[in-house]
Every structure is written in C-alpha cells, then in structure tokens.
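Chemist: what would the 3D arrangement of this be:
(3 chains)
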Amino acid sequence: MTQRLRHLTSLAPLARPTIERLLDRAESMREACAHGTRKLDLLAGRTILNLFFEPSTRTRTSFELAARRLGADVINFDIGFSSTAKGEELFDTLHTLEAMHLDAIIVRHKQSGTPEELVRHAMSGVSVVNAGDGNHAHPTQGLLDALTIRQHLPDLSKLSVVICGDVKHSRVARSDVHALSTLGVRDLRLCGPASLLPPAEELPQCRLFSDFDQAIEGANVVIMLRLQKERMQTIDFPDEAAYFHAYGLDKRRLALAAPRALVMHPGPINRGIEIASEIADGVQSRILEQVSNGVFVRMAVLAEVLGR
Amino acid sequence: MTQRLRHLTSLAPLARPTIERLLDRAESMREACAHGTRKLDLLAGRTILNLFFEPSTRTRTSFELAARRLGADVINFDIGFSSTAKGEELFDTLHTLEAMHLDAIIVRHKQSGTPEELVRHAMSGVSVVNAGDGNHAHPTQGLLDALTIRQHLPDLSKLSVVICGDVKHSRVARSDVHALSTLGVRDLRLCGPASLLPPAEELPQCRLFSDFDQAIEGANVVIMLRLQKERMQTIDFPDEAAYFHAYGLDKRRLALAAPRALVMHPGPINRGIEIASEIADGVQSRILEQVSNGVFVRMAVLAEVLGR
Amino acid sequence: MTQRLRHLTSLAPLARPTIERLLDRAESMREACAHGTRKLDLLAGRTILNLFFEPSTRTRTSFELAARRLGADVINFDIGFSSTAKGEELFDTLHTLEAMHLDAIIVRHKQSGTPEELVRHAMSGVSVVNAGDGNHAHPTQGLLDALTIRQHLPDLSKLSVVICGDVKHSRVARSDVHALSTLGVRDLRLCGPASLLPPAEELPQCRLFSDFDQAIEGANVVIMLRLQKERMQTIDFPDEAAYFHAYGLDKRRLALAAPRALVMHPGPINRGIEIASEIADGVQSRILEQVSNGVFVRMAVLAEVLGR
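Modeler: All right, here's what the predicted structure looks like:
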C-alpha cells in the first residue's frame, strides 16, 4: 500500500496506485450516496478553510459540499480578489490561519506554484489542497475527469483521448494529462491553434495537433476546454464563429471520433464557441457527470489528506 | 388532505387548504421555539443553496436561519450581482447545482418568472423556492403577512385590508393579494399614485384607490410598501415630503382606519417617506412580528417541499 | 463570584476578577484543545451573527471558529461596507435581527460607541460583543494580549510594558491598557510621534514617550501597533524608512528591552515599517501565539455571554 498523502498540489508526482486509491474511494463515496447516505462523519470536528484568490463559485461550492458531507466545518476566508497576496504577505496569512488550528486549506491562486509554496512554508500539520493555480495544476479536476472516463471505459490503456482548446494556459489540461498518462492512457492528443499549444517538450507523453479534424479521428474521449474570451484577441481569429469553425465541437466533428465517444468539458461551457449546444446537451455528453463526480473526488481527497 | 408541494414559486395557484397547512405548520414551529426548542432535525443531512441574483441580506439570512433550525446545511452561492444570468447560462448553472445533489434552491432574481423557469428546466428532484422574482411574486412574504394577520384577527372574511405605495412594481403586494383573497379576505384595497397602480384587470379581487384617506377608511390592516427612491423621479412628486403627505402613514391617517388596525411593512422601512417613525415604532406596528414570523414561515415551507 | 457578563463592549468597566475569569476560561479552552478536544457543545443550538461594517477577514474568521468550536451556528450578515448604517437605520437592522431570534451579535463598526448603542437599543435578550469600534475598544484583542503575556510572565505587577506606534487612533492600545492596568501592570508606556499620541489625561495610568529608545528601555513586553499607511502623510515622516528608523522595532532596539522581552503585534504586520522581519519571525515573537489565543479568548467570551 502506498503512503497516505498529506497534501494534494499536483498529480504529476503521484504513482498509479495512489491515483487509483483516490478514484476507488471517490467511487465508494458515490455508492454510499446512491444508497441514500447523506452524510458521513469521517471529518467531524475538523475545520476546512477555502482560501480563494481567484473567484470560482462552482469549485468553491463543490469543495464546500464535499467537506460538509464528511461532517467537517467550512470557513470561507473572503480574501479580496484584487489582493496580490504573494511572498511574505501570503505566508503571514498562512501562518495566521495555522495559528487558528485549521485542519486543511483549499487554495486557488492565479500564480502557478502557490500551493507548493504554502506546503513549504507551513509550520503546522495543516493540509494544503490545490483548487487551481495559474496554468500549473487543478488536481481534483484531473481526478474527476479520470473517474468519469473510468466509469464508462474501464480499460484506459486502450483509449485515445483528445484535449482541445487553449491547452497552453490550461491547468485542467495539464492535470488531465498527468492523471490519464499515469493511469495508462497511451494515445493522448492535444489540439489547438499553434499559439495556444504548449511547447512539445513540456508534455512529451502527448502528440500535438493544430487540425481538430485530424486530432479527433477515432478518439474515445473528447475533452473540450473553456476559451477565455479575452484570449480571442491574442490569436488569429476574427470572431467567435471563426474559432468555433476551426476548434469547436459540433455534430459533424464528433462523428469523426469513435462511436459513443465521451464528450467532456470542465465548465462553465461557452455554447457556440467551443461546443455546440446540441453536443453539450446530447447523449454523449458527460459534462454533468463530471460535476457530480467532482464532489465525490473532493470528498475522497479530503478524507485522504485528513484521515487518521 | 391536499398534496404536498414540491416547489413554491407563487401563491396564486395554491388552494386554501394548502396555504392554511403552511400557516399551521409555521405556527407550530413558532410554538416549539417559544417552548425552548432551538433546533429540529427534520432536514438533517439536507443541503439548501441560496442562489441570489439580487442582493437581499435580510431575506437570505431569514432563509438561512430557517434551514439551519431544521438541521439542514446551507450554501451561499455568491453569484456576481452584475450577472444577468438568463437563458442557457442560467439553466447550465441550475444543472450544475443539480449534479452536485442539492436538495433545494432558494432563488431571487430580478426577472419575473425565473423560479418557474428553473422548475421547468430542473432534471432532478431538486426543490425550487422563490425568494422574490421581479414584480411577480414573493410567496414567503405573502405567507408571513397572512400569518401575522391571522394571529391577531383570525376571522379573515371580516377584514378590510389596504395595501399602499408602489403596488405596480411590488411582488409583495401581489403575493399578499393572493394569500389574503384565497384565505377569504373580501375587502382588498390597493392604493397609490395612478402611475404606480397595476391595471384594474390584473387583480380583479381588489379595488383601486388614489386617495389614501379614502382607501384607509375603516381598514383593519394597513400594509405599507417600500418606495424605491429612484422611482420618485418617474412620478409627479417634487420630493419625499410631498410623497409622504399624499401616501405616507402618519397618526392622523391611521386614525381613519379601524381601531387597533394592524400596521405592517415588508421592510426595510423608509422613515418619513412611506411611514412616520411614531407609527413604525408605535403600539399598532406589527413590523417586527412580521420578521419573526418570516423565519417560521420559511421553516414551514422548507419542511413542506423537502418533507418525506 | 462576580456577575456573568451579558455583553462585552469594552474592558474599561470590568473588574479584575471578571477579566481573570475570562482568561482562566480561555486557558481551559486551550488545554481542552491541546488534549484533542475538537468541539464542545456548550452553545449547541445557538446562533451567532457577524455584523461587520468594516471588513476584517481575520477577526471575523477567529470569531467564526470560536463559535463553531462551541457548537453554535454562525451567520455572516454581509452588510455593504459602504453602508454608513447609523442612527435609526442601524437600530432597525438590530431590531430586525433580534426579531429573528439570534443569540448574539458580533459587531465591528468604524464609529466609536456603536456596540454600546446597540446594547442600549436592544429589545430582547440578544448579547452584543464588540469586535472593534472606531478608536474606542477592541476588548477581545485586549484579553488575548493579556492572556499571551500571562502565559509567559504570570506576575503582571512586576512588568514594564511598552505600546508603540499610532496609539492615538488605536482601539487595540486602549483595550490593552485597560486589560493590563486592571490586571496589575504598573509600568505602562505609550510611545509614538507626538501627533499620534493621545492626550496625557486620557490614559492617566500610562507614561507617554516620543523617543522609542527611551520608552523600550528594560521593557518586558513590547507591543507594536500597525501603522495605517494613509496616516503617513499626516505626520512628519518623508517615507516608511524614516518612520521605521524612528519607531520601528529592530534588533538593536529590542536589545534595549529586558532580556527575553515578549514581542507582540495585533497583525497584520507591515514588515519593515513598524517591525523588522527578523524580529517578527524571531524567537521572542509571540505574534502567532496571539492569533492562537484569540480563538480561545473568543470562545471564552461567547461562552460567558451566552452561558446559562
């Protein structure tokens, strides 16, 4: 058995059995819930604090629900989102929170590497869980995507997975790649305009594509990324329709993928920009299952890092 | 026995026994509290989410207290109030929240009809409770006003009730009219400047007045509405004093009502604009009883829609 | 035995046995926590509301943690911080909250005296706890500072304590003076630029200094205050470095104090303005112990005012 995690900042360093243990635990949380269990008391008496330097109501709510379903108390530490909060100021905040005897801090920050910095500077036994840092990692999203795929297509070694959109700036893409490659996916394809792809050497386990028709060919899983509208101007597209034409997922394009390919998106979706409404709402869409699995994955992660 | 409600979006479609059941239940919550019961565990393990697109600390707090006193968890989903959140974007938010397995959504939105749209688009068993939508309805306010009146004047069929102020834009007025007419009030009067009255055919159970002295004559209940100060300019009043002179409730005017008439207001009050301080704080004022009843009515509503 | 407090708005009127009882109780909360007790249920079923008219995430979080560790529910009443909320408007808010049957209101307001005004206008049994009002008082800070000192130097009658910085505008300084003088500290020194010192007659139990080297001489406790950066311009200092040179705590200056003198600060600290980093993080710093004691002191205060 692998050792229990004390923190979760990235999936990159995790071995396959650790990721599988987390997914198995999330699955058992899901089953308990399906059988009518509303709350567990695994974390009764524990206090978990949401420290979000970037707003994200969805992710914060998912963590809050996960924590409460395990019986923990949740504190929302409403930092001004204008606050840069870095360096000593950030660590003073960390140490102040530690002095209040919190059990875990869920952190989101626009600066890559902030969660690891918190781990390095922590003076007590507080656990740090990354809820998204810059372009770096969004590990619970990687886990929930892996769980969603595994529920439908358990033999991951046989899958072709394409991730399409602004891969370069996407922490979701990076955490997905780490989760899926560690779990045995061998055919991982990243697709987007050349200016939105990472350098080939950054993710050597992936093949890069700029032609979506080519990239989606035969894929069993199609993960679409959210396009930040402000990014539009930095690339060569005159408007949203042109982007959708080149990199959007519509019916014609989905037909190039494997039959019954899973359609996924971390949300919130931009209808008609990266995905057609009929696909987002269609029978192959797993988008809402991802949301649902997100709560179970976060329960599993919190139970792991705070477990005795 | 009438069927249990799954949602509460408006009082208009409710039959008298349903409204009476809710009021009776609120009354029994009040009695339990008066006898020292601090919390019930009727909704233990349930999660209720506040989805407020318009700010309203008072109403949100009242719902939050009600939910917690029934043992439920409460999540405040802090949507940016600048968000228009309509159409597909709103329904994507709904479906995301449903995928997280919430039990109820309390919604406030400036667009009339939003709660009903959520009910129509809901895919799971989530309950929707309207905390105020546009000019349309504020059903828990209607119920708490009815409860407050019933506590003092149980035979509603004998009452004259006047509602005064910006009736046209008031969801409170509409929900009050629906609650009170269904419970048997036959003499319902709406009073305000002509430009702030609804068309006569909209609420045929009411008589319209533009002269407050005439409207208040012999009334057993006087419900004053809050005047949005920005509305002042759209009507023919030079200033607040002129409005108060025509439509404010002061001592002289209250003397025209029935002896011991109840004075009510949904709050927060504008002293000296729609109501004189000495009346708001006087012996006939039921304003704070309304607030108190609000928590019990919301407990009753949540217990109803989430009951087994 | 002294009488139980119903409210806590200031330490000035409290007798020594009352303050000692609160500190003893905080100490026993700390010991219970050190022995693994995560939650007490002293306040189960009670509801405590945070009414903050000035933002303070740290203090609000400390109160929220304290309340939850005693088993109480906590509601954050998110008043717009732009709201002036005074006079009738403030009392209407108070009465509305009272009508909702809250057990305690934690209030922070920029206007000195607001908590006492709430106590005077309260109509029910609600308890009011001051979380900082203007320049007037921050009683839980005074208590946590006294507790921190007592843990290291139990015989307070023998101590020299210096408080340095913007004393004039500091509610922390005033509450510290009241706590420490009542507990027997006889040598209390206030130090700062003349324009940032209160009039000598306001705190007759203290000596005033404008020369920090002189003031710190032989002190057993050095309490540094946060300098509001906007205050810089109203005093005669060209920049932060000049202020630090005159009134900052660095290694050289600390060497003038008694050996092993305690270094304290209410936080958040401005490194390099009022305190050098090496001192803030050094072995004599008690700053994080203050934070930790803050939660226990607030537990003690809530247990006191809401106890049966």
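Chemist: OK, contacts around the residue in the stretch 51-200 of chain A that chain B sits nearest to?
Modeler: The nearest approach of the stretch 51-200 of chain A to chain B comes at residue A:68, 5.0 Å away (CB to the nearest CB). Backbone N, C-alpha and C define where each C-beta goes, glycine included. Residue A:68 sits next to A:39, A:74, B:47, B:73 when contact means CB atoms under 8 Å, 6 or more residues apart in numbering or on different chains.
Chemist: I'd say residue A:229 and residue A:243 touch.
Modeler: No. When contacts are counted by CB atoms under 8 Å, residue A:229 is not listed as touching residue A:243 (9.9 Å).
Chemist: of those two, which one has the most company?
Modeler: Set side by side, residue A:229 and residue A:243 show more neighbours around residue A:243, with 23 against 11, by other CB atoms under 10 Å in any protein chain shown.
Chemist: my guess is the more buried one meets residue A:237, correct?
Modeler: Yes. Using CB under 8 Å, residue A:243 is in contact with residue A:237, at 4.5 Å.
Chemist: and of the contacts of residue A:68, the nearest to residue C:300?
Modeler: Nearest to residue C:300 out of the contacts of residue A:68 is residue A:74 (CB to CB; 23.9 Å).
Chemist: and residue A:293, what element?
Modeler: Using DSSP states H and E, residue A:293 maps to helix A:287-306.
Chemist: thinking again about what came up before, identify the farthest-apart pair in the contacts of residue A:68.
Modeler: A:39 and A:74 (13.3 Å).
Chemist: between those two, which has more neighbouring residues?
Modeler: When neighbours are counted by other CB under 10 Å, residue A:39 and residue A:74 differ, and residue A:74 comes out ahead with 21 against 17.
Chemist: A helix includes the more buried one, no?
Modeler: No. Counting by DSSP: H, G, I helix; E, B strand; the rest coil, residue A:74 is not part of a helix but strand.
Chemist: still on that earlier bit, from the contacts of residue A:68, which is closest to chain C?
Modeler: For the contacts of residue A:68, the residue nearest chain C by CB to the nearest CB is residue A:74; the value is 9.6 Å.
Chemist: can I assume the closest one is in contact with residue A:51?
Modeler: No. Residue A:74 lies out of contact with residue A:51 (CB under 8 Å); the separation is 11.7 Å.
Chemist: does residue A:282 sit in a helix, a strand or a coil?
Modeler: Secondary structure, three-state DSSP: residue A:282 is coil.
Chemist: ok, the closest residue to it other than its chain neighbours - how many residues close by?
Modeler: With sequence-adjacent residues excluded and distances taken as CB to CB, 6 or more residues apart in numbering or on different chains, residue A:282 is closest to residue A:263, at 7.2 Å. The local packing of residue A:263 (other CB under 10 Å) involves 20 other residues.
Chemist: OK, contacts around the residue in the stretch 51-200 of chain A that chain C sits nearest to?
Modeler: The minimum distance from the stretch 51-200 of chain A to chain C, using CB to the nearest CB, falls at residue A:99 (3.7 Å). Listed by CB under 8 Å, 6+ apart, the contact set of residue A:99 reads C:288, C:289, C:291, C:292.
Chemist: per-residue pLDDT, it?
Modeler: Residue A:99 carries a pLDDT score of 97 in this model.
Chemist: how near is the nearest residue to it once chain neighbours are set aside to residue C:280?
Modeler: Nearest in space to residue A:99, with sequence neighbours left out and distances taken as CB to CB, 6+ apart, is residue C:291 at 3.7 Å. Using CB to CB, to the nearest Å, residue C:291 is found at 13 Å from residue C:280.
Chemist: list residues touching both of residue A:229 and residue A:243?
Modeler: Counting by CB under 8 Å, 6+ apart, the residues touching both residue A:229 and residue A:243 are residue A:273.
Chemist: coming back round to it: and chain C, which of the contacts of residue A:68 reach it?
Modeler: The subset of these within reach of chain C, by CB under 8 Å from any CB of the partner chain, is empty.
Chemist: from these, which has minimum pLDDT?
Modeler: On pLDDT alone, residue A:39 ranks lowest of the contacts of residue A:68, at 90.
Chemist: just confirm it contacts residue A:71, I think it does.
Modeler: Yes. Contact criterion CB under 8 Å: residue A:39 and residue A:71 qualify, at 6.1 Å.
Chemist: just to revisit the earlier point, closest to residue A:197 out of the contacts of residue A:68?
Modeler: Proximity of these to residue A:197 (CB to CB) peaks at residue A:74, which lies at 37.8 Å.
Chemist: and the pLDDT for the residue of chain A found nearest chain B?
Modeler: Residue of chain A nearest chain B, by CB to the nearest CB: residue A:38 (3.2 Å). pLDDT recorded at residue A:38 is 88.
Chemist: how about it, nearest residue that isn't a chain neighbour?
Modeler: Nearest to residue A:38 is residue B:45, by CB to CB, 6+ apart, at 3.2 Å.
Chemist: and that neighbour, how many neighbours?
Modeler: 15.
Chemist: that one is in contact with residue A:40, isn't it?
Modeler: No. Using CB under 8 Å, residue B:45 makes no contact with residue A:40, being 10.3 Å away.
Chemist: can you pull the phi/psi pair for the residue lying closest to residue A:249 once chain neighbours are set aside?
Modeler: Closest residue in space to residue A:249, ignoring its immediate chain neighbours: residue A:275 at 4.8 Å, by CB to CB, 6+ apart. Main-chain torsions, residue A:275, degrees, to the nearest 10: phi -150, psi 140.
Chemist: right, and residue A:275 touches residue A:223 too?
Modeler: No. With contact defined as CB under 8 Å, residue A:275 does not reach residue A:223; the gap is 10.8 Å.
Chemist: list the residues that contact both of those two?
Modeler: When CB under 8 Å, 6+ apart defines a contact, the residues bordering residue A:275 and residue A:223 alike are residue A:265.
Chemist: can you give me the buried ones in stretch A:20-29?
Modeler: Neighbour counts over stretch A:20-29 (16 or more other CB atoms under 10 Å in any protein chain shown) mark A:20, A:21, A:22, A:23, A:25, A:26, A:27, A:29 as buried.
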